[in-house]
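Enquirer: A structural model of the following input is requested.
(one chain, ligands or ions: 2)
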Amino acid sequence: MRRPGAIWRELVKNLRRKPATVLYPAERLEIPENFRGRPVFNPATCIGCMMCVRDCPAKAVKIEKVGEKKFSCTFYLDRCIYCGQCSDSCVKKSITMSHEFELACFDRSTLVDTKKEDAQAAK
Ligand code: SF4
Ligand code: SF4
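Expert: Residues are numbered from 1 along each chain as shown. Ligands and ions are numbered 1, 2, ... in the order given. Below you'll find the model as predicted:
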């Protein structure tokens, strides 16, 4: 059983420590280089191999053909678990994990993120 004075010793010890948290959003911590934020698609290099779709554990990626050798990509960010598997699986490095993490919103439909080259370029 703990002695009653133990809590005071613990309190005094912690009063001298720096806080482990920061006053977000006024203060921000540096984001680590390998942080996995919102996935980003580069349509210029995608070959439509579908490895990202096959390997996504959350079924959060959709690749669609939009023209001759042109593909669009949709991320369902409300389902995405930010694991980075799509990026790891992509042989053409068409998907990268950004450092963007402030994705909270009131409208879930805004979390459907589609990227493709413009229609003229896709022809
Ligand atoms: S794995 Fe890469 S190249 Fe293949 S469809 Fe997905 S984004 Fe495109
Ligand atoms: S980061 Fe993970 S969950 Fe999100 S789209 Fe890529 S593979 Fe799917």
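Enquirer: show me where the chain has helices.
Expert: 6-15, 51-55, 85-89, 119-122 (DSSP state H).
Enquirer: winner for burial among those helices?
Expert: Compared across the helices of the chain, helix 85-89 shows the largest average neighbour count, a mean of 19 (mean count of other C-beta atoms under 10 Å). Quick note: C-beta positions are derived from backbone N, CA and C, even for glycine.
Enquirer: Which secondary structure elements does it sit against?
Expert: helix 51-55, strand 95-97 (3 or more C-beta pairs under 8 Å, 6 or more residues apart in numbering; DSSP states H and E).
Enquirer: Including distance to ligand 2, could those go into a markdown table?
Expert: Compiled in a markdown table, the helices and strands packed on helix 85-89 are given as follows (distance: least, C-beta to the nearest ligand atom, whole Å):
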| stretch | distance to ligand 2 |
| --- | --- |
| helix 51-55 | 6 |
| strand 95-97 | 7 |
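Enquirer: quick one on the thing from earlier: mean pLDDT and distance to Val66 added to the helices of the chain, as CSV?
Expert: Output for the helices of the chain, formatted as CSV (pLDDT from 0 to 100; distance: least, C-beta to C-beta, whole Å):
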stretch, mean pLDDT, distance to Val66
helix 6-15, 89, 57
helix 51-55, 98, 15
helix 85-89, 98, 19
helix 119-122, 42, 5
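Enquirer: Relative to Val40, which of those helices is closest?
Expert: Counting by C-beta to C-beta, Val40 lies closest to helix 85-89 out of the helices of the chain; the figure is 9.0 Å.
Enquirer: and ligand 1, which of the helices and strands packed on helix 85-89 is closest to it?
Expert: Among the helices and strands packed on helix 85-89, the nearest to ligand 1 by C-beta to the nearest ligand atom is helix 51-55 (3.4 Å).
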